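Enquirer: just need the structure, nothing else, for what follows:
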Amino acid sequence: MKLSDFEALSFDCYGTLIDWESGIYHALAPLLVRTGVDPARPGGGGQSHAGMGLSRSAVEVSRDEVLQAFARLESRQQEKTPEMTYPDLLAEVHAQLAVEWDVANEPAEDAAFGASIAEWPAFPDTVEALRYLKQHFRLIILSNVDRASFQATNQRLGVAFDAIYTAQDIGSYKPDRRNFGYLLDRMKEQGVPKQKLLHVAQSLFHDHVPANALGLASAWIDRRHDAGGGGATSPVATDVRYDFRFTSLGALAEAHRTG
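Expert: Have a look, this model is predicted:
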C-alpha cells in the first residue's frame, strides 16, 4: 500500500491539524490559577494527584494530568449529549472540572472556554503540508466540532477543503461509527470509493478504532510520539490497526513527495 494509491484524504482536525492540547491547556489557565496551579510553569509541575481530584492546596500538577481529566469528562459528555454543539459541550466540561477541582464555578469562564476553539493554534507543519497535499488529493474534514467553530479554525489552515463534515451535521461525536458511515456515504456520492479514501488522524480513540471497524484505511499522525500517554485523548482498550504512521503531517507529505 502506498499513499499514491488514494484519491482523497479525510482529516480529523483538532489534535491532527490543530494543536488542541496547547489550546485546551491555555484556555484552562484561569480555572487552573484558581485551583492554585501555575499553568505557566514548564511541564505544568510534577506532583501527582491521583484522579486529578484537585483542591485549593494542590500547587503542582502535570499538564498531562489536566489534559487527561479533560479527556475523561469530554468523552463522557459527548456520549451523554451527542446533540450538544461543541462550544456548549466544552462549557459544560469546564463547569464539571470546576466542581471536580473544588473551586467555584464561573459561568463566564465556562462560556469563554467554549468559545476558545477559534484561538487554538495550528501545528507548525500543518499549513505547508496541506498546501502540498491539496495538489494531489481531495481534502475532507471529519471533525467533532460545529460548523461555526470550524469556519473560524479554517482561516488558520491555509487551504479550501473539498468537503467539511462536523458532529453538528451528523448528530453524533466520534468515535461513534455513524460519523464514519456518514463520511463514506458522502464520498461514495462524490465518486470516491472506500478503497480510495485514507483517513488521517492523531486520535486512536476517536478515529482509528471506528475506522478499523468500517474497514477504512488510516494514517496515524502520532503527534505525542515523544511525550507518551494519551494526553487529551481517551485511552483505547483494544488493539488498533493503522496502515501508515508518521510523527507529523509534514512527514506524511514528505513521504508522498519522495514516493
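
Enquirer: in the protein, which spans are strands?
Expert: Along the chain, the stretches classed as strands by DSSP state E are 8-11, 138-143, 163-166, 197-201, 217-221, 244-246.

Enquirer: surely residue 174 meets residue 210?
Expert: Yes - the pair residue 174 / residue 210 is scored as a contact, 6.5 Å apart, by CB atoms under 8 Å. Just so you know, the C-beta spots here come from the backbone N, C-alpha and C atoms, and that holds for glycine as well.

Enquirer: comparing those two, which residue is more hemmed in?
Expert: Remark: of residue 174 and residue 210, residue 174 carries more neighbours, 25 against 21, as counted by other CB atoms under 10 Å.

Enquirer: off-centre distance for the helix or strand bottoming out on mean pLDDT in the chain?
Expert: For the chain, counting by mean pLDDT, DSSP states H and E, helix 29-35 ranks last in confidence among helices and strands (a mean of 92). Here helix 29-35 shows a centroid-to-chain-centroid distance of 23 Å under the convention CA atoms, centre = their mean, to the nearest Å.

Enquirer: what do you get for stretch 98-115?
Expert: With CA atoms, centre = their mean, you get 21 Å for stretch 98-115.

Enquirer: and the end-to-end length of it?
Expert: Using CA to CA, to the nearest Å, the end-to-end distance of stretch 98-115 comes out at 17 Å.

Enquirer: and what of stretch 119-128?
Expert: 19 Å.

Enquirer: can you list contacts of that stretch?
Expert: Stretch 119-128 is contacted from outside by 14, 17-20, 22-24, 26-27, 153, 156-159, 223, 248-251, 253, using CB atoms under 8 Å, 6 or more residues apart in numbering.

Enquirer: one more time with 7 Å
Expert: For stretch 119-128, contacts defined as CB atoms under 7 Å, 6 or more residues apart in numbering pick out 14, 17-20, 22-23, 156-158, 248-250.

Enquirer: and the residues you listed, which two are the farthest apart?
Expert: Taking CB to CB as the measure, those span a maximum distance of 19.5 Å, between 23 and 250.

Enquirer: nearest to residue 136 among the contacts of stretch 119-128?
Expert: Nearest to residue 136 among the contacts of stretch 119-128: residue 249, at 13.7 Å, using CB to CB.

Enquirer: can you count the residues close to that closest one?
Expert: Residue 249: 28 neighbours (other CB under 10 Å).

Enquirer: separation between it and residue 8?
Expert: When distance is defined by CB to CB, to the nearest Å, residue 249 is 16 Å away from residue 8.
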